[in-house]
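*Asks:* Provided below are the primary sequence and the corresponding predicted coordinates.
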Amino acid sequence: MSKIEAGKVTLKPAPFYLPALLEDILSMLNAKALEKNIRLETEFSDELPEGVLGDEAKVRQILINLVGNAIKFTDQGHVTLRAQPLPTPDENSEKIILQFQVIDSGVGIPSDEIDRVFEVFSQSSTNAKSHTGTGLGLPISKQHAQLMGGDLTLESELGKGTQATFTMQAELSPDIGETIRQKEKTVLKLTPQFMGTKALVIDDRKENRELLDQLLRLVGFETRIGHDGIEALELFENWDPSIIFMDMVMPRMGGERAAQAIRKLPGGKDVKIVAVTASAFEEDRQRILVADMDGFVRKPVHHNILF
């Protein structure tokens, strides 16, 4: 937020494949929806473009925040992601307007609190009761939407659900669709010589552990899971994994301290340790990689990036 307010956050436009972005977000968050027995639905316009020139990272961050919030505050029913292009005032303009809406049947927000949720560190009363979040997701998302020539608004009724509407300006990039389709590949299995490679997953949150554990086992890793850095040390000594996926923020002992301790143990210099973090800041990535980590993966973890 400090960078945004100081004008130091800028757009990094590049061509990206919009259908893949939307599919990624849904695959990342579907496990959370299934865990709560919520229907995660989509309504995508047939006119939605494939190749888009824009800041993919910021679009991804906003949509993950909105869909994640909707799932978090919905206990039954559905969460729907809609996407469509809107008419532009100037038909000759190269710009296009994209609209994304996230509609849920959740607890809703009191009408007198809707404007407040866009204030830094402010939360609605329903969010405060959950004891999660920082009150930064929506303010940052709104600032990013406005930076992209659009906006982020909320409509809500207490007890009946919420509709978040995110608009942005972009340009068409028609060549990117075919390029992406040619490059897209899916990892099916480890090659025979690596089948059964031992992978240790350390995370204090159940849904994060289970997602990583499932992705790794499906392609042929042998896995074990732990809840914090102390368990990571015990499992490393007793099980001798080849690779460790280590959450950074955990109770008792965090990921950085655990990695430092493992490096001092017999075999600790050889094991590969990958930091798994929710941080979106490039500075954190550089700091972690300079420490005792061999790699860096952001949450929510996507399978292509993971493999």
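*Replies:* All right, it came through fine. Numbers count the residues shown, from 1 in each chain.
*Asks:* Mind telling me what element R60 is part of?
*Replies:* Assessed by DSSP states H and E, R60 sits inside helix 56-72.
*Asks:* what's the next secondary structure element after that helix?
*Replies:* Next along from helix 56-72, by DSSP H and E: strand 78-86.
*Asks:* Tell me who's in contact with L11.
*Replies:* Neighbour list for L11: 54-55, 58, 147-148 [criterion: CB atoms under 8 Å, 6 or more residues apart in numbering]. For glycine as for every other residue, the C-beta is placed from the backbone atoms N, C-alpha and C.
*Asks:* out of these, what pair is the most spread apart?
*Replies:* G54 and L147 (11.0 Å; CB to CB).
*Asks:* These two: who's more crowded?
*Replies:* Using other CB atoms under 10 Å, the more surrounded residue of G54 and L147 is G54, with 24 against 15.
*Asks:* Okay, and the residue nearest to the more buried one when sequence neighbours are not counted sits in which element?
*Replies:* Spatial nearest neighbour of G54, chain neighbours left out: A170 (3.8 Å); criterion: CB to CB, 6 or more residues apart in numbering. Per DSSP H and E: A170 is located in strand 161-172.
*Asks:* for that strand, packing partners?
*Replies:* The contact analysis (3 or more CB pairs under 8 Å, 6 or more residues apart in numbering; DSSP states H and E) places strand 161-172 against strand 51-54, helix 56-72, strand 95-104, helix 137-147, strand 151-157.
*Asks:* related to what we said a few turns ago, what's across from the residue nearest to G54 in the sheet?
*Replies:* When bridges are called by DSSP bridges, A170 pairs up with I96.
*Asks:* which residues of the stretch 151-300 of the chain score low on pLDDT?
*Replies:* Scanning the stretch 151-300 of the chain with the threshold set as pLDDT under 70 gives 177-185, 279-291.
*Asks:* need the helices for it, in chain order.
*Replies:* Using DSSP state H, counting those that start in this stretch, the helices of the stretch 151-300 of the chain run over residues 174-183, 206-218, 229-239, 255-263, 282-290.
*Asks:* Now the fourth one: buried residues?
*Replies:* Neighbour counts over helix 255-263 (16 or more other CB atoms under 10 Å) mark 255-259, 261-262 as buried.
*Asks:* The longest one now?
*Replies:* By neighbour count on 16+ other CB under 10 Å, the buried set for helix 206-218 is 208-209, 211-213, 215-216.
*Asks:* any idea which of those residues is the one closest to F73?
*Replies:* The closest of these to F73 turns out to be N208 (CB to CB; 19.4 Å).
*Asks:* number of nearby residues for K264?
*Replies:* For K264, the neighbour count with other CB under 10 Å is 9.
*Asks:* Relative to A83, how far out is L66?
*Replies:* Using CB to CB, to the nearest Å, L66 is found at 12 Å from A83.
*Asks:* More neighbours: these two, which one.
*Replies:* Legend: neighbour count by other CB under 10 Å for L66 and A83, higher for L66 (26 against 19).
*Asks:* can you pull the contacts of the more buried one?
*Replies:* Residues counted as contacts of L66 (CB under 8 Å, 6+ apart) are 100, 102, 141, 164, 166.
*Asks:* Adding neighbour count and distance to K36, write these out as TSV.
*Replies:* TSV is the format used below for the contacts of L66 (neighbours: other CB atoms under 10 Å; distance: CB to CB, whole Å):
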residue	neighbour count	distance to K36
F100	23	22
V102	23	16
S141	22	22
A164	23	18
F166	24	23
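*Asks:* quick one: which of those residues is nearest to R298?
*Replies:* S141 (16.5 Å).
*Asks:* Hmm, that closest one is touching L152, no?
*Replies:* Yes - here S141 reaches L152: they are 5.5 Å apart, a contact under CB atoms under 8 Å.
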